[in-house]
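> here are the coordinates; sequence isn't available:
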């Protein structure tokens, strides 16, 4: 196979952090190559060096056998290197065709007929279910990503970088994306695939390169690296048997005769959630599960007051409480980590410290700010408690890896000492090791008496941590599973059987 890209001895450092230390990477023509590692392993930094966002301190980039200097994203694009990020960077208010040509071909933008015909031709050749004239905002996230890929392909890209492209897609959309990736592979495009989904790596990739702590662990053929070994190489240690993660804590702190700590009656919201009943006891871990769009997130947003409640009530210790907005929920001991940490969680330009103390400061009131000493004490305590990897508490949170950003948001809510903690997709887009850390933390907090609702699109995670699951379909509760019912088959049957199973 012809080598299309070589990175040799790449070094990159930031104040207090050695992000890349002598990393090598090779990509062949017509190859799908997974770049794997924990959050903070150096994947994003390597991609940013390759695409000119960062300037390397040392090393060489060789493209098509020639050494190249990439000092900006424009240089990378000129050299045939294109990137499609997890967060779509196109313009949703423009048409599909405009998004494909804007910023690179001003002449064609002046000829609408030629532009639309050209776009439709590319879309058809790649079997992308979109029309040139339709507004991008009216396309699904999956199609928007495919449009971004089509734009890259039309720019004669030799190297296509896909950075967590499947994190917001359902199974059918993922399969469509994989079909497109295989089509591009057949055309000779080299694809670097960054993902945290191990199943997807083994389904679509040819090779895997593993990074850990800014260093190269190795490059492996898919057939030569079983999943257990991959996880071990990513972590640098043998992974605990996840099936035993519950350990001795399972159910030990829950008395089924206890009154519920929180409960809802016929609660519904303006987001289409049908009236539902729900309860959670002190020290219990439960969850909402269902297919994408089933209403998992909307249920907890209604409980927290993040969406407008249109009917029903919430009770705490048997007494009705009014939750019209998130601050009402916070004052009643409820904390909520939202599904999208980028949009609803972190404030990127603020420091790690300011992000951690934010919720407690809101409860105290902004006219009563914490002293610098108090803020430092809170931040240092939780940085240590959750093993947050950061150069200092002053570091802007946007500089941290995704997993460490997530730990900061968890720290924010733990600092308020909630009685009831809602975690919506706390492990999405983060590495295996941090996922295990978060799952163990959930069970530890529950063993200490905190009530927790855990939502994850990875059912295995919920089965490892939850003692009870509420099953949803089409924004309606269709069943509840406990004990021996907690298995994959029963969840799928309940979703498929709908109300029939809910009545049994």
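On my side now, so go ahead. In this text, all values refer to a predicted model and were calculated from it rather than measured experimentally.
> Quickly list the domain ranges of the chain.
Residue ranges for the domains of the chain, per automatic domain parsing: 3-235, 242-333+419-503, 345-417.
> immediately after the strand or helix carrying residue 144, which helix or strand?
Assigned by DSSP states H and E, residue 144 belongs to helix 141-154. Next along the chain after helix 141-154, taking DSSP H and E as the criterion, comes strand 159-163.
> now the angle from that following strand to helix 141-154?
160 degrees (axes from the mean of the first three to the mean of the last three Cα atoms, to 10 degrees).
> could you give the mean pLDDT of strand 159-163?
For strand 159-163, the mean per-residue pLDDT is 92.
> And for the helix or strand following that strand, what's in contact with it?
Following strand 159-163 in sequence order, the next helix or strand is helix 171-186 (DSSP H and E). Residues outside helix 171-186 that contact it (Cβ atoms under 8 Å, 6 or more residues apart in numbering): 30-32, 126-129, 140-142, 145-146, 149, 153, 160, 162, 165-166, 169, 191, 193, 200, 203-204. For every residue, glycine as well, the C-beta is placed using N, CA and C.
> right, and the helix or strand after helix 171-186?
Using DSSP H and E, the helix or strand that follows helix 171-186 towards the C-terminus is strand 190-194.
> Who are the packing partners of that next one?
Helices and strands touching strand 190-194, as assessed by 3 or more Cβ pairs under 8 Å, 6 or more residues apart in numbering; DSSP states H and E, comprise strand 17-28, strand 32-36, helix 43-50, strand 159-163, helix 171-186.
> Sheet-wise, list the partners of that strand with their directions.
Strand 190-194 has the following strand partners under DSSP bridges: strand 32-36 (parallel), strand 159-163 (parallel).
> Take those strands and lay them out in JSON lines including mean neighbour count and distance to residue 294.
Below are the strands paired with strand 190-194 laid out as JSON lines (neighbours: other Cβ atoms under 10 Å; distance: least, Cβ to Cβ, whole Å):
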{"stretch": "strand 32-36", "mean neighbour count": "24", "distance to residue 294": "29"}
{"stretch": "strand 159-163", "mean neighbour count": "23", "distance to residue 294": "27"}
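> what about stretch 335-346, how long is it end to end?
Using Cα to Cα, to the nearest Å, the end-to-end distance of stretch 335-346 comes to 15 Å.
> Residue 359 and residue 381, how far apart?
According to Cβ to Cβ, to the nearest Å, residue 359 stands 15 Å off from residue 381.
> quick one, which of these two is more surrounded?
For residue 359 and residue 381, the more surrounded residue by other Cβ atoms under 10 Å is residue 359, and the numbers stand at 22 against 14.
> check which helix or strand covers that one.
Following DSSP H and E, one finds residue 359 within helix 352-364.
> tell me what that helix is packed against?
Helix 352-364 packs on helix 326-331, helix 372-385, helix 402-414, going by 3+ Cβ pairs under 8 Å, 6+ apart.
> how big is the angle separating the last one from helix 352-364?
In other words, helix 402-414. When the same axes, to 10 degrees is applied, the directions of helix 402-414 and helix 352-364 differ by 30 degrees.
> what's the offset of helix 402-414 from the middle of its chain?
13 Å (Cα atoms, centre = their mean, to the nearest Å).
> ok, now the second one?
In terms of Cα atoms, centre = their mean, the gap separating the centre of helix 372-385 from the centre of its chain is 26 Å.
> Also stretch 195-203?
When distances are taken as Cα atoms, centre = their mean, stretch 195-203 is centred 14 Å away from the chain's centroid.
> Also stretch 485-493?
Worked out by Cα atoms, centre = their mean, stretch 485-493 lies 24 Å from the chain centre.
> May I see the buried residues of it?
Residues of stretch 485-493 classed as buried by neighbour count (16 or more other Cβ atoms under 10 Å): 485, 486, 490, 491, 493.
> Any idea how many residues pack against residue 476?
What residue 476 shows, counting by other Cβ under 10 Å, is a neighbour count of 19.
> my guess is it meets residue 272, correct?
No. Using Cβ atoms under 8 Å, residue 476 is not in contact with residue 272, being 9.4 Å away.
> hang on, isn't residue 307 packed against residue 299?
No. The pair residue 307 and residue 299 does not pass the contact test of Cβ under 8 Å, sitting 9.6 Å apart.
> The two - which one has more neighbours?
Each of residue 307 and residue 299 has its neighbours counted (other Cβ under 10 Å); residue 299 has more, 30 against 19.
> packing partners for the strand or helix carrying that one?
Element membership for residue 299, per DSSP H and E: helix 296-304. Packed against helix 296-304 by the contact rule (3+ Cβ pairs under 8 Å, 6+ apart) you find strand 262-269, strand 276-280, strand 285-289, helix 326-331, strand 334-337, strand 420-424, strand 451-455, strand 468-473.
> quick one: residue 370 from residue 282, how far?
29 Å.
> In terms of neighbours, single out the busier of the two.
residue 282 (19 against 15).
> before we move on, the earlier item: can you tell me which of the domains of the chain is nearest to residue 339?
Of all the domains of the chain, it is domain 242-333+419-503 that lies closest to residue 339, at 4.4 Å by Cβ to Cβ.
> tell me the mean pLDDT over the closest one?
83.
> Buried residues of stretch 303-322, list them for me.
303, 304, 305, 306, 307, 309, 312, 314, 315, 316, 321.
> Next up, the contacts around the closest residue to the fourth one other than its chain neighbours.
Yep, that's residue 306 we're talking about. Here the nearest residue to residue 306 in space, its sequence neighbours aside, is residue 326; by Cβ to Cβ, 6 or more residues apart in numbering that works out to 5.7 Å. Residues counted as contacts of residue 326 (Cβ under 8 Å, 6+ apart) are 304, 305, 306, 336.
> State the pair within those that is farthest apart.
Using Cβ to Cβ, the pair of those lying farthest apart is 305 and 336, separated by 9.0 Å.
> Quick check: neighbours shared by those two?
Each of 326, 329 lies in contact with both residue 305 and residue 336 under the rule Cβ under 8 Å, 6+ apart.
> How many neighbouring residues does residue 211 have?
Residue 211 has 25 nearby residues by other Cβ under 10 Å.
> now it, what's its secondary structure?
Assigned by DSSP: H, G, I helix; E, B strand; the rest coil, the conformation of residue 211 is strand.
> Can you check the pLDDT for it?
pLDDT for residue 211: 94.
> same deal with residue 125?
On pLDDT, residue 125 comes in at 80.
> could you measure it against residue 180, distance?
Note on residue 125: its distance to residue 180, by Cβ to Cβ, is 11 Å.
> More neighbours: the two, which one.
Higher neighbour count among residue 125 and residue 180: residue 180, with 19 against 13, using other Cβ under 10 Å.
> Distance-wise, check that one relative to residue 468.
For residue 180 relative to residue 468 (Cβ to Cβ), the value is 40 Å.
> And residue 126, by the same measure?
According to Cβ to Cβ, residue 126 and residue 468 sit 45 Å apart.
> and if you look at residue 300?
From residue 300 to residue 468 the distance is 15 Å (Cβ to Cβ).
> When the two are compared, which one has more neighbours?
Per other Cβ under 10 Å, whichever of residue 300 and residue 468 has more neighbours is residue 300, with 24 against 19.
> who touches that one in this structure?
Residue 300 makes contacts with 288, 336, 422, 424, 453, 455, as judged by Cβ under 8 Å, 6+ apart.
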